[in-house]
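Student: Sharing a model prediction with you, sequence too.
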Amino acid sequence: MREARLSTGASEERGTNGEPLAECLVVGAGPAGLTAALYLARYRRRVTVLHDGSARALRIPRTHNAPGFPEGVSGPDLIDRMQRHGRRYGAEFRESRIVDAWRESETFVIESESGDRWRGRTLILATGLQLNQLPLEHDAHEAAIAAGVLRYCPICDAAEYVGKRIGIVGCTPSGGNEALFLRRYSDRVTLVPWGQLELSDHERAALTERRIDVSAESATRFDLSGRDITVEFVSGAYAEFDVVFPALGVRPRTELAQALGLPVTEDGSVDAQAPFATEIPGLYSVGDVVDGLDQISVAVGHGAIAATKAHSWLREQDGECLPPRAGR
């Protein structure tokens, strides 16, 4: 049966070069971008979503942090539901890797690695982030995630490992803080160096006080064996864990934001106000690329805010709002 689709009711416009002109372009099809697309489509806007199929949510075996799914939901299932929801109201989707963006004749232009271009009056960047991963072969890495022995988000997943053997890879202050966070869930928490041990004596003492083990040796390799993950150390000794949480940092995907002239924070993220507005009129940014809490619920909120702000900005540009009262 063909899926029902509601028309936006808006006529198609063309750019200066004859290309279709969207009222809004969205780059990225994770929870943030898909929520923005849904809201814009329901506002009867012409919205096109461009994505490269690499949304981080697609790698989630099952999350229990998505409101409304008490039994949990897999990332692919959630993304599929959200895409179908947006399509039902007229949002268009194109799979393409976008590599450049600029302003031209008061419109935003984005370009794919194959040279295809799209134009839009407004632009929402939902480009997400990349994880600094454990050094595992791709297939082994994805198998470890699927088996539940490798997790990258303590906030998302710690509640599923109460009382388990938990390893945190990365002996930095960030890793130490993750260990302290996870200590609430288990009394079997070990911090494992990857390379240098970057904790001060004071920081190590704080971990010891909370009965968190800090390995004296650096890890050299990781192996998935059955329902455990094995960490091998420099000396040849090894330890087994029910789950490992890498604390190796992330890399926000801000290349397009920077190409458009948006500044980034010290850690490489876009400013936290970007879902509301940026210094470039008509440009918004949402989801994990924005400085803040990297969670599905936050991404959904960002998408709703940016879509509504973009819609309101277009209304102002098109004279669809009452003029301001005198004296205000």
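Tutor: That came through, no problem.
Student: Okay, helices next: where are they in the stretch 1-150 of the chain?
Tutor: All helices of the stretch 1-150 of the chain, identified by DSSP state H, counting those that start in this stretch, fall at 31-42, 75-88, 138-147.
Student: Switch those helices over to a markdown table; also include distance to residue 205.
Tutor: For every residue, glycine as well, the C-beta is placed using N, CA and C. Converted to a markdown table, the helices of the stretch 1-150 of the chain look like this (distance: least, C-beta to C-beta, whole Å):
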| stretch | distance to residue 205 |
| --- | --- |
| helix 31-42 | 40 |
| helix 75-88 | 39 |
| helix 138-147 | 32 |
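Student: winner for burial among these?
Tutor: Mean neighbour count (mean count of other C-beta atoms under 10 Å) peaks for helix 31-42 among the helices of the stretch 1-150 of the chain, with a mean of 29.
Student: picking up where we left off before, of the helices of the stretch 1-150 of the chain, which is nearest residue 122?
Tutor: helix 31-42 (8.8 Å; C-beta to C-beta).
Student: For that closest one, list the C-alpha coordinates in PDB.
Tutor: C-alpha atoms of helix 31-42 as PDB (Å, rounded to 0.1, in the frame of the first residue of the first chain):
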ATOM      1  CA  PRO A  31      16.400  13.200  15.400                       C
ATOM      2  CA  ALA A  32      17.100  16.900  15.300                       C
ATOM      3  CA  GLY A  33      17.000  17.300  11.500                       C
ATOM      4  CA  LEU A  34      14.000  15.000  11.200                       C
ATOM      5  CA  THR A  35      12.000  16.900  13.800                       C
ATOM      6  CA  ALA A  36      12.800  20.200  12.100                       C
ATOM      7  CA  ALA A  37      11.600  18.700   8.800                       C
ATOM      8  CA  LEU A  38       8.400  17.500  10.300                       C
ATOM      9  CA  TYR A  39       7.500  20.900  11.900                       C
ATOM     10  CA  LEU A  40       8.400  22.800   8.700                       C
ATOM     11  CA  ALA A  41       6.300  20.400   6.600                       C
ATOM     12  CA  ARG A  42       3.300  20.800   9.000                       C
END
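Student: Give me the average confidence score over it.
Tutor: For helix 31-42, mean pLDDT is 98.
Student: how much does that helix deviate in direction from helix 75-88?
Tutor: In terms of direction (axes from the mean of the first three to the mean of the last three C-alpha atoms, to 10 degrees), helix 31-42 departs from helix 75-88 by 20 degrees.
Student: What separation do you get for residue 249 and residue 173?
Tutor: 12 Å (C-beta to C-beta, to the nearest Å).
Student: Now the biggest helix by length in the chain: buried residues?
Tutor: In the chain, assigned by DSSP state H, the helix with the most residues is helix 296-317. Under the neighbour-count criterion of 16 or more other C-beta atoms under 10 Å, helix 296-317 has 296, 298-311, 313-314 buried.
Student: chain center to it: distance?
Tutor: 17 Å (C-alpha atoms, centre = their mean, to the nearest Å).
Student: That helix packs against which elements?
Tutor: Here helix 296-317 touches strand 20-27, helix 31-42, strand 117-125, strand 283-285, going by 3 or more C-beta pairs under 8 Å, 6 or more residues apart in numbering; DSSP states H and E.
Student: List of residues touching stretch 187-207?
Tutor: 163-173, 175-176, 179-180, 182-183, 211-215, 217-219, 231, 239, 241, 244, 248 (C-beta atoms under 8 Å, 6 or more residues apart in numbering).
Student: now, which of those residues lie within strands?
Tutor: The strands, defined by DSSP state E, take in 166, 167, 168, 169, 213, 214, 219, 231, 239, 241, 244 from the contacts of stretch 187-207.
Student: Buried only: go through the residues you listed for me.
Tutor: Buried among the ones in strands among the contacts of stretch 187-207 (16+ other C-beta under 10 Å): 166, 167, 168, 169, 214, 219, 231, 239, 241, 244.
Student: Out of the helices of the stretch 1-150 of the chain, flag the one nearest residue 22.
Tutor: Short answer: helix 31-42, nearest of these by C-beta to C-beta, at 9.4 Å.
Student: packing partners for that closest one?
Tutor: Helix 31-42 packs on strand 20-27, strand 47-51, helix 75-88, helix 296-317, going by 3+ C-beta pairs under 8 Å, 6+ apart.
Student: For the shortest one, output the C-alpha coordinates as PDB.
Tutor: The reference is to strand 47-51. Extracted as PDB, the C-alpha positions of strand 47-51 are listed here (Å, rounded to 0.1, in the frame of the first residue of the first chain):
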ATOM      1  CA  VAL A  47      11.500  21.600   3.000                       C
ATOM      2  CA  THR A  48      14.300  19.300   1.700                       C
ATOM      3  CA  VAL A  49      16.400  17.200   3.900                       C
ATOM      4  CA  LEU A  50      19.900  16.300   2.700                       C
ATOM      5  CA  HIS A  51      21.800  13.600   4.500                       C
END
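Student: Report the strands that pair with that strand, each with its relative direction.
Tutor: If you go by DSSP bridges, strand 47-51 pairs up with strand 20-27 (parallel), strand 92-95 (parallel).
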